[in-house]
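In: Below is the sequence, then the predicted model.
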Amino acid sequence: EVRLVDSGGGLVQPGGSLRLSCAASGFTFRSYAMSWVRQAPGKGLEWVSGISSSGGTTYYPESVKGRFSISRDNSKNTLYLQMNSLRAEDTALYYCAKLRAAVTSLFDYWGQGTLVTVSS
Amino acid sequence: DIQMTQSPSSLSASVGDRVTITCQASQDISKYLNWYQQKPGKAPKLLIYDASNLETGVPSRFSGSGSGTDFTFTISSLQPEDIGTYYCQQYENLPLTFGGGTKVEIK
């Protein structure tokens, strides 16, 4: 059974940093691209990063480029999202998601989400 | 960026009704369109991929159609467990983008 467990969320001040983790199990982690998707309270879904299966290529939308960094450790079956220079508008539930193939594909499994609150 | 416009933003229908949601892309995305269901307090779940393919294990009352810029998602007979918000998502190009969502309620 595929399982994705998100962790690392919390309350952080504007301008602060936070690192999210996603522990994967039930599939060959190193064979699949992965992503982070967020959802602000009461709002829709927003893709915030993607990484190739090897970790060699990463992708970001303009809204987080230069502030967020996605990475993975295939030996530990773990995905990460380093978030710097956080803003109030980054407040959201962050989901780790497995991609069926490349980064430009579909999300076939999701974690339970970890809540990030940016506030002073 | 490719903008995805979903309509309606919400709907209320009776059990057994046929429900239709539309999604329009700001440019041609061929068949690269997926549909997700998000129940309250839960992560999204993939229902339809590549515009019209039913994900394994998903009930056959769910279906999708379309190509290019115009897509349709249908629930043939609405069930109480179908309440939630439905999102379309394109993957023709980065950034991956979602529609604004359609909240489905039971009348």
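Out: Sure, I can see it.
In: Can you get me a residue count around A:Val2?
Out: Residues lying near A:Val2 (other CB atoms under 10 Å in any protein chain shown) number 12. Where you see a C-beta, it was placed from the backbone N, CA and C, and this is true even at glycine.
In: which parts of chain A sit against chain B?
Out: By CB under 8 Å from any CB of the partner chain, the residues of chain A that approach chain B are A:35, A:44-47, A:50, A:59-62, A:95, A:100, A:103-108, A:110-113.
In: What parts of chain B come near chain A?
Out: Proximity of chain B to chain A, by CB under 8 Å from any CB, involves residues B:1, B:32, B:34, B:36, B:38, B:43-46, B:49, B:55, B:87, B:89, B:91-101.
In: So which of those residues sit within strands?
Out: Secondary structure from DSSP state E places B:34, B:36, B:38, B:45-46, B:49, B:87, B:89, B:97-98 of these in strands.
In: With neighbour count and pLDDT added, can I get those in a markdown table?
Out: A markdown table is the format used below for those (neighbours: other CB atoms under 10 Å in any protein chain shown; pLDDT from 0 to 100):
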| residue | neighbour count | pLDDT |
| --- | --- | --- |
| B:Asn34 | 28 | 98 |
| B:Tyr36 | 26 | 98 |
| B:Gln38 | 19 | 98 |
| B:Lys45 | 18 | 98 |
| B:Leu46 | 21 | 97 |
| B:Tyr49 | 23 | 97 |
| B:Tyr87 | 24 | 98 |
| B:Gln89 | 23 | 98 |
| B:Thr97 | 22 | 97 |
| B:Phe98 | 21 | 98 |
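In: what's the farthest-apart pair in those residues?
Out: Greatest spacing in those, by CB to CB: B:Lys45 and B:Thr97 (18.8 Å).
In: Any regions of chain B where pLDDT drops low?
Out: Within chain B, no stretch falls below the threshold (pLDDT under 70).
In: Nearest the middle, which residue of it would you pick?
Out: B:Trp35 (3.9 Å; CA atoms, centre = their mean).
In: In contact with that residue, which residues?
Out: Contacts of B:Trp35 were listed using CB atoms under 8 Å, 6 or more residues apart in numbering or on different chains, and they are B:23, B:46-49, B:62, B:64, B:73, B:86-89.
In: List the beta-bridge partners for it.
Out: With DSSP bridges as the criterion, B:Trp35 is bridged to B:Ile48, B:Cys88.
In: If any of the residues of chain A next to chain B are buried, give me the ChimeraX selection for them.
Out: Buried members of these, defined by 16 or more other CB atoms under 10 Å in any protein chain shown, are picked up in ChimeraX with:
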select /A:35,45,46,47,50,59,60,61,95,100,103,104,105,106,107,108,110,111,113
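In: Can you list which of the residues of chain A next to chain B are found in strands?
Out: Per DSSP E, strands hold the following members of those: A:35, A:45-47, A:50, A:59, A:95, A:107-108, A:110.
In: Just list the residues touching the spatially most central residue of chain A, thanks.
Out: Central residue of chain A (CA atoms, centre = their mean): A:Trp36, 2.8 Å from the mean position. A:Trp36 makes contacts with A:20, A:22, A:47-50, A:68, A:70, A:79, A:81, A:94-97, as judged by CB under 8 Å, 6+ apart.
In: Tell me which residues are up against stretch B:16-23.
Out: For stretch B:16-23, the external contacting residues (CB under 8 Å, 6+ apart) are B:4-8, B:11, B:13, B:33, B:35, B:66, B:70-78, B:82, B:86, B:88, B:99, B:102, B:104.
In: Any of these buried? List them.
Out: By neighbour count, with 16+ other CB under 10 Å, these hold B:4, B:6, B:11, B:13, B:33, B:35, B:66, B:71-73, B:75, B:78, B:82, B:86, B:88, B:99, B:102, B:104 as buried.
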